[in-house]
Every structure is written in structure tokens, then in C-alpha cells.
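# how would this look folded up:
(2 chains)
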Amino acid sequence: GAVVSQHPSWVICKSGTSVKIECRSLDFQATTMFWYRQFPKQSLMLMATSNEGSKATYEQGVEKDKFLINHASLTLSTLTVTSAHPEDSSFYICSAWGMRGSYNSPLHFGNGTRLTVT
Amino acid sequence: AQKVTQAQTEISVVEKEDVTLDCVYETRDTTYYLFWYKQPPSGELVFLIRRNSFDEQNEISGRYSWNFQKSTSSFNFTITASQVVDSAVYFCALSEARTGNQFYFGTGTSLTVIP
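Have a look, this model is predicted:
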């Protein structure tokens, strides 16, 4: 089955530094990737939708200059948390929509990245 | 307005008991899709089921079963003879044909199965 690989699984960084999270589709072409954020004991909140080769569409309230998303190829999307602060500490999950599936196919999720900013 | 409501925040059951997780959705689309995902403590999301709006047939998969009722806009999930490994957070989600690929997740139900 389709697999989405997310890297790193966890990262600890110092306040003020930037962190890049990668999301790769391993055996299908992901025309659309989604980035979610999940606070402890809460649901997944959609941050942005990225389509290959175009700018990401951010949800209301998500700072696009803070959370840089790049979807340069059909198999890779990256989320960069710039100038991270402790309040950015969270669980970030990517998901991908494959060309092999129709729009109603289940999303394939990465395993998530736990970011801790000290 | 919340498109997917999971009223049960936390549920605890004793092993081997049956448990039903409720999910109520709201949509104006006639074509939509409903999903259940499991999120164990490790964090990854595990796909459990997808159901489209034209298929109200209930489904059983091992100890899992799903009851889709369009009349009440509900898509409930039952675990029979629960096991400790079932302990996780379960999310119900909705995808509308109109908005394409966007998923709307419920707030999740945290299930604890006590041995």
C-alpha cells in the first residue's frame, strides 16, 4: 500500500532557530499534501494545503511567513518552522493525496513529527 | 460550526466489554465520505474505514463494526470484546465532494481499555 514518510520523527531545537520537516510519498505521486498540527489531547487542525508546483494555501490564522511550505516535486513537501518559539511546540502531521486514487481515497498520513522548542 | 462532532471525549471500559464511539456529522453535500482513524500513543494515524454517502450498508471487520445512519447523520463505531491494544484516540472525519480533498476531523474520543 501507499506509504508516506515523515522525517524527523522528533526534534528538539532552541528558540529562534528554524526547523525543517520533510514529507515524502514513497510509492505514489502526491499532487496534494496537507499539513496538520495537533496539540496534546486535541484534534488535528489543518494548517495548509500544498499542490505540487504552486504556492500553499494556508488556513485562517496560520502565519505563512512562520510556517513555510514547499512542494517542489510530486513526492516531497517540506514544512519549515522559522524562528521557532516554545509555543510552536506541537505534533505536526503531513498527509498526501495520490494520483492513483480518486479524490475520495483515504488520506495517507505520515507518522508525525514531535517538535519541542526549548 | 463543527462539521464532525464526537461528543465522547474519554471512555474507559474493562477488557472484553463492547464499546461504541459516536460520530455525528453535518453537511449540505449529497456526496460525501466518512472515515474513522485510530491514533495510538505513538502518534501515527491508522486508517480504519471509509464510507461514501450512497452506501448505508453497515460494515463489520473482525471486532470492529460501523453503523451509518443518514437519517440521523451518524456514523458510529463499535468495538466488540475490547482489548487493551484498542486503547487509543479515535477520530471520525468527513470529506465533502464540494471541497474536494479537505478533511474535517472530529475532536476525537480517547478510549482506555482496562485489563
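
# thought A:Arg114 was touching A:Phe91?
Yes. Taking C-beta atoms under 8 Å as the definition, A:Arg114 is a contact partner of A:Phe91 at 5.3 Å. From N, CA and C alone the C-beta is placed, and that goes for glycine too.

# Between the two, which contacts overlap?
Counting by C-beta atoms under 8 Å, 6 or more residues apart in numbering or on different chains, the residues touching both A:Arg114 and A:Phe91 are B:Gly43.

# Comparing those two, which shows the higher neighbour count?
The neighbour count for A:Arg114 versus A:Phe91, taken as other C-beta atoms under 10 Å in any protein chain shown, is higher for A:Phe91 (18 against 15).

# Now do the same for the more buried one: helix, strand or coil?
Recorded secondary structure, A:Phe91: strand (DSSP: H, G, I helix; E, B strand; the rest coil).

# go on, A:Ala72?
strand.

# how many other residues sit next to it?
Residues lying near A:Ala72 (other C-beta under 10 Å) number 11.

# With B:Val13 instead?
Around B:Val13 there are 16 other residues, counting by other C-beta under 10 Å.

# So which bits of chain B are right by chain A?
For chain B, the residues in contact with chain A (C-beta under 8 Å from any C-beta of the partner chain) are B:33, B:35, B:37, B:42-45, B:47, B:50, B:52, B:91, B:95, B:97, B:100-103, B:105-108, B:110.

# Inside strands: which ones of these?
Applying DSSP state E to the residues of chain B next to chain A, the entries found in strands are B:33, B:35, B:37, B:47, B:50, B:52, B:91, B:95, B:103, B:105, B:110.

# what about chain B, any weak spots by pLDDT?
Counting by pLDDT under 70, the ranges of chain B that qualify are B:1, B:99-101.

# Repeat that for chain A.
When residues are selected by pLDDT under 70, those of chain A lie in A:1-2, A:98-106.

# And the strands in it, which stretches?
Counting by DSSP E, the strands of chain A are A:4-7, A:10-13, A:19-25, A:30-38, A:44-51, A:57-58, A:67-73, A:76-81, A:90-98, A:108-109, A:113-117.

# Roughly how far does the residue lying closest to B:Asn58 once chain neighbours are set aside sit from B:Trp36?
In space, and not counting its chain neighbours, B:Asn58 is closest to B:Asn67: 5.3 Å by C-beta to C-beta, 6 or more residues apart in numbering or on different chains. With distances taken as C-beta to C-beta, to the nearest Å, B:Asn67 is found 12 Å from B:Trp36.

# Same check on B:Val85?
Applying C-beta to C-beta, the value for B:Val85 to B:Trp36 is 16 Å.

# Give me the nearest residue to A:Val81, chain neighbours excluded.
Here the residue nearest A:Val81, using C-beta to C-beta, 6+ apart, is A:Val19, at 4.8 Å.

# go on, B:Gln57?
Leaving out its chain neighbours, the residue that sits closest to B:Gln57 by C-beta to C-beta, 6+ apart is B:Phe68, at 7.6 Å.

# What residues does the one you found make contact with?
B:34, B:51, B:55-58, B:74-75 are the contacts of B:Phe68 under C-beta under 8 Å, 6+ apart.

# List buried residues within the residues you listed.
B:34, B:51, B:74-75 (16 or more other C-beta atoms under 10 Å in any protein chain shown).

# thinking again about what came up before, okay, and the beta partners of the residue nearest to B:Gln57?
Counting by DSSP bridges, B:Phe68 forms beta bridges with B:Phe75.
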